[in-house]
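Peer 1: Give me a 3D structure for the following:
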Amino acid sequence: MTAATATPTMSVPEISTTPKLPALQQSLTLAWRNVVKIRHQPEALMDVSLQPIIFTVLFVFVFGGAIAGDWHDYLTYLVPGILVQTLMFATGGIGVALNNDIAKGVFDRFRSLPIARSAPLVGAVLADVVRFLTAIGVLLAFTALLGFRTTQGLPAAALAVLVAIGFAMCLSWVFVWIGLTVRSAGAVQGVGFLATFPLTFGSTALVSADTLPGWLAAFTRNNPVTHVIDTVRGLLLGGPVAEPLAWTAGWSALLLVVFVPLAMRAYRRRV
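Peer 2: Sure thing, here's the model as predicted:
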C-alpha cells in the first residue's frame, strides 16, 4: 500500500495595479533616477556649465563696450538676463531626453509598473532642477569673478533664483509636450530653438525696451520672458518687483494649465 504524495503548489502573488505610493513620492523616485543618470554621465551638464560662460564673455566683452560704453556697467545689467536666458535654453533638454527614452523603450517599462501615469513626466521635470541650479551656480560664480555684485542682499537673491527656476519648470512642460509629440530628438531641438530664440532675444535680457523700435518695443514689453527678467533684475539690483512678479506668476499658471494636459494626452497616445 502506497501513500499518495501531495504535490505542493506555489501561489504567485497577484501584482496590484493600484499605485502603492503617493503620486508625488513616485515622481520624486523617478526624479532621483534621472539625477543618478547625471551622476554617471556628468557630461550631461556640459551645456549648462559652459553656456553661461560663453554667453557672458560674448555679450560683455564683444558687445558690452558698443552697447553701454563700459563692459563692467553692462555686466551689471546683463547678468539677470543671461540667468533667465540660460534657463530658457536649458529647458529644451527635457524634451530631447524624453524623446530618447521613448525611442529606447524606457516608457514601455514604466507603463507596466503600478505607478501614476503622471509620475514619469513630473519626475523628469523635477530632475531638471539639478541642471538649472548648475547653470545658475556657474553663472553667478563666473560673473562674481568679473565683479558682479547683488545690491539687495542674499534673501532677495535667493528669491530671484526661485522665481527663475519656478518659471523654467513651468516652461519645461512645453518641451515635455514637444518631446512627446515630435518624432525625433533632432526635431525636438529644432522646434525648441525656434520657440525660445525669439522669446529670449526679443526681451529685455540684452537691452532696454526703450531703445527698440516701436513695434519691437511693444512685443518686448509684453513678452513673458521680459517679465521674468525684470523680476529677477529687481530682486538682484533693485527696482520694481511687484508688477513683473505678478505677470510672471500669471504666465507660469497659464503654461501649466495649457501644457500639462496637452503633455499628458500626448503621453497616453505615445506610449
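Peer 1: What lies in contact with stretch 133-144?
Peer 2: 45, 48-49, 51-53, 56, 75, 79, 82-83, 86-87, 90, 148, 161, 164-165 (CB atoms under 8 Å, 6 or more residues apart in numbering). (C-beta placed from N, C-alpha, C; glycine too.)
Peer 1: Can you tell me which of those residues end up in helices?
Peer 2: 48-49, 51-53, 56, 75, 79, 82-83, 86-87, 90, 161, 164-165 (DSSP state H).
Peer 1: Quickly check the residues you listed for the two that are furthest apart.
Peer 2: Using CB to CB, the ones in helices among the contacts of stretch 133-144 reach their maximum pairwise distance at Leu75 and Ile165, which is 22.2 Å.
Peer 1: Quick check: phi and psi on Gly105?
Peer 2: Main-chain dihedrals, Gly105, degrees, to the nearest 10: phi 90, psi 10.
Peer 1: Over to Asn223?
Peer 2: Torsion angles, degrees, to the nearest 10, at Asn223: phi -80, psi 130.
Peer 1: Pro244 now?
Peer 2: phi -60, psi -30.
Peer 1: what residue lies at the spatial centre of this protein?
Peer 2: The residue lying closest to the centre of the chain (CA atoms, centre = their mean) is Thr91, at 3.6 Å.
Peer 1: Surely it and Cys170 touch.
Peer 2: No - using CB atoms under 8 Å, Thr91 makes no contact with Cys170, being 9.4 Å away.
Peer 1: By mean pLDDT, flag the weakest helix or strand of the protein.
Peer 2: helix 64-68 (a mean of 74; mean pLDDT, DSSP states H and E).
Peer 1: Buried residues in that helix, which are they?
Peer 2: By 16 or more other CB atoms under 10 Å, the buried positions in helix 64-68 come out as Gly64, Ile67, Ala68.
Peer 1: No further queries at this time; thank you.
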